[in-house]
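Undergrad: sharing a model prediction with you, sequence too.
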Amino acid sequence: LMFKMHLVILIIYFIFYLICSRNVKIGALTCFLCPGLVCNRTFDGYACWPDGLPNTTISVSCPWYLPWYNEVQHGMIYQECDANGQWVVTKNTSECDSNDLRPHYYGYIRIMYTVGYSLSFVALILALGILIFFRKLHCMRNNIHMNLFASFILRALSILIKDALVDCTVVLQTTVGCRIAVVMMQYSIMANSYWLLVEGIYLHNLLVITVFTERNYFKIYLCIGWGTPLIFLVPWVMAKYLYENQECWGQNINMNYWWIIRSPILLAVVINFLIFIHIIKILVSKLRAHQMRYTDYKFRLAKSTLTLIPLLGIHQMFFIFVTDETTTSSMGLRLTKLFVDLFFSSFQGLLVAILYCFVNKEVQSEILKKWKRWKLGRNIEEEYRHTYSNTPNTKTGSFPEERRMLVAGCHNGMVNSKGAGQCIYPLQERSIGNCTPAEDFSLGELPEKNQWE
């Protein structure tokens, strides 16, 4: 009898303990009826969870890999195990969230530059396709533009791919594919900076060098644009592999390794800025010398300057001396630098595609010619079908006389059947096939080099 009483007391005590426990709900009493039911231990991509009893709340410490782990190392994560022995999808991570507001702002900045790079990618693909398709636009200037467009495309694509891989699980961040994506991103950023430098060097040579043989310089431009980044990228990859082979190579623990690829970019930016200043001085002197012809030269100079800024990447000079080391203690300065740099860098490709392809008069004229030729072919085909459908006993395919009648009075085969307006191209400008040497700084308003001399 005493044994039974003690057994009842122990059972009542155990039930009371289950009810009063802070981490266990009253529904845990069902475990007496189903002792084999349990939520299996698992890793959900955020934390490792042990086995859990049904209708209980399990708690584990905050993950060690959080960048702000020192702030939340005593915090806990909570997740529920339902009555069916399944983990509830949502979990409470409030104690492991950072009190720092920077991740919140970083999210908005990331959305901004993702939109910018996506728009730039689409616009640059279209612009590059236009320059490649129209052979009359192939010349030194547009060849450099095409390489610049390609570097912008590579930069946008590599950054978008890198962000997608970094968002994946911790296991995927340590894979070779993620590190290759980071390496390609760094290479594309450097290549883009040096093709901007090539644009500056080319414009400077056009305005300064009296006898400028373009073909002799193109191979040098290719080496500068695509080859120079490799000289600095290879040592950086070796340093990361040997000394900082952690996760996706996204964090810079030793900033000396980071400066291996950062310093050549800064050098290219500084050189381009000096070239930009020199070009502006030349434009000022030339415009002042033609005051009778260009009375509003200040407006034209401002327009030319704004056109050159995205082409040469001058916006990078705004925060060139504000490095990552100097912004660790100032969140406002760091966020401002990130916003300005990423905003202009992400939308720069879109601006370049618009200014140097879509609104370029040579490109527009060539597209208009192609469109009119297509309409001409359709009109001739319709006239041919209409003529032969009303002409009895006519052999198919023999229409030289009728064709001469259809195109009579039109220059270069432009049909005049539906009005003389269709026979005229709006090409009162210079020949596109020759592809003018000097860049049209203000979209068709500034003089060429041969007009200045």
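TA: Now that the structure is in, tell me what you want to look at. Numbering: from 1, shown residues only.

Undergrad: and the helix or strand containing Ile277, what does it pack onto?
TA: Assigned by DSSP states H and E, Ile277 belongs to helix 255-289. For helix 255-289, the elements it packs on are helix 176-208, helix 228-243, helix 297-312, judged by 3 or more C-beta pairs under 8 Å, 6 or more residues apart in numbering; DSSP states H and E. Glycine gets a C-beta too; all of them are placed from N, C-alpha and C.

Undergrad: mean pLDDT lowest where, among those?
TA: Note on these: helix 297-312 shows the lowest mean pLDDT, a mean of 72.

Undergrad: so what's the residue count around Gly250?
TA: Neighbours of Gly250 under the rule other C-beta atoms under 10 Å: 15.

Undergrad: cool, Lys91 as well?
TA: Neighbour tally, Lys91, other C-beta under 10 Å: 19.

Undergrad: phi and psi next, for the spatially closest residue to it that is not a sequence neighbour.
TA: Setting aside the residues directly before and after it, Lys91 is nearest to Gln79 in space (C-beta to C-beta, 6 or more residues apart in numbering), at 4.0 Å. Note on Gln79: its backbone torsions stand at phi -140, psi 140 [degrees, to the nearest 10].

Undergrad: same check on the one 10 residues further on?
TA: When quoted as degrees, to the nearest 10, the phi and psi of Val89 stand at phi -60, psi -50.

Undergrad: swap in Asp97?
TA: phi -80, psi 150.

Undergrad: quick check, it in contact with Ile77.
TA: No: using C-beta atoms under 8 Å, Asp97 is not in contact with Ile77, being 10.3 Å away.

Undergrad: between the two, which has more neighbouring residues?
TA: Of the pair Asp97 and Ile77, Ile77 is the one with more neighbours under other C-beta under 10 Å, namely 20 against 14.

Undergrad: does the more buried one belong to a helix or a strand, and which?
TA: strand 76-81.

Undergrad: quick one: mean pLDDT for that strand?
TA: For strand 76-81, mean pLDDT is 90.

Undergrad: related to what we said a few turns ago, point out the most buried one among the helices and strands packed on helix 255-289.
TA: Mean neighbours per residue, mean count of other C-beta atoms under 10 Å, is largest over the helices and strands packed on helix 255-289 for helix 176-208, with a mean of 21.

Undergrad: mind checking which helix or strand of this structure has the lowest mean pLDDT?
TA: The helix or strand of the chain with the poorest confidence is helix 449-452; it has a mean of 37 (mean pLDDT, DSSP states H and E).

Undergrad: can you give me the strands for this protein?
TA: Along the chain, counting by DSSP state E, strands occupy 42-43, 48-49, 56-61, 76-81, 87-92.

Undergrad: could you export those as JSON lines, including distance to Met146?
TA: Output for these, formatted as JSON lines (distance: least, C-beta to C-beta, whole Å):
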{"stretch": "strand 42-43", "distance to Met146": "48"}
{"stretch": "strand 48-49", "distance to Met146": "51"}
{"stretch": "strand 56-61", "distance to Met146": "54"}
{"stretch": "strand 76-81", "distance to Met146": "52"}
{"stretch": "strand 87-92", "distance to Met146": "49"}
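
Undergrad: deepest-packed of these, please.
TA: The most buried one of the strands of the chain (mean count of other C-beta under 10 Å) is strand 76-81, showing a mean of 19.

Undergrad: and the angle for that one with strand 87-92?
TA: Put simply, strand 76-81 runs at 150 degrees to strand 87-92, going by axes from the mean of the first three to the mean of the last three C-alpha atoms, to 10 degrees.

Undergrad: which residues touch strand 76-81?
TA: For strand 76-81, the external contacting residues (C-beta atoms under 8 Å, 6 or more residues apart in numbering) are 38-39, 46-47, 49, 52-63, 87-88, 91-93, 95-96.

Undergrad: please redo it, this time with the cut-off set to 7 Å
TA: Strand 76-81 has contacts (C-beta atoms under 7 Å, 6 or more residues apart in numbering) with 39, 47, 49, 52-62, 87-88, 91-93, 95-96.

Undergrad: can you check what angle separates it from strand 56-61?
TA: Strand 76-81 and strand 56-61 are oriented at 150 degrees to each other (the same axes, to 10 degrees).

Undergrad: send the alpha carbons of strand 76-81 over as PDB?
TA: Output of strand 76-81 as PDB, limited to C-alpha atoms (Å, rounded to 0.1, in the frame of the first residue of the first chain):
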ATOM      1  CA  MET A  76      18.200  32.000 -27.500                       C
ATOM      2  CA  ILE A  77      16.100  30.800 -30.500                       C
ATOM      3  CA  TYR A  78      12.700  29.300 -29.900                       C
ATOM      4  CA  GLN A  79      10.800  26.800 -32.100                       C
ATOM      5  CA  GLU A  80       7.700  24.700 -31.400                       C
ATOM      6  CA  CYS A  81       7.200  21.000 -31.900                       C
END
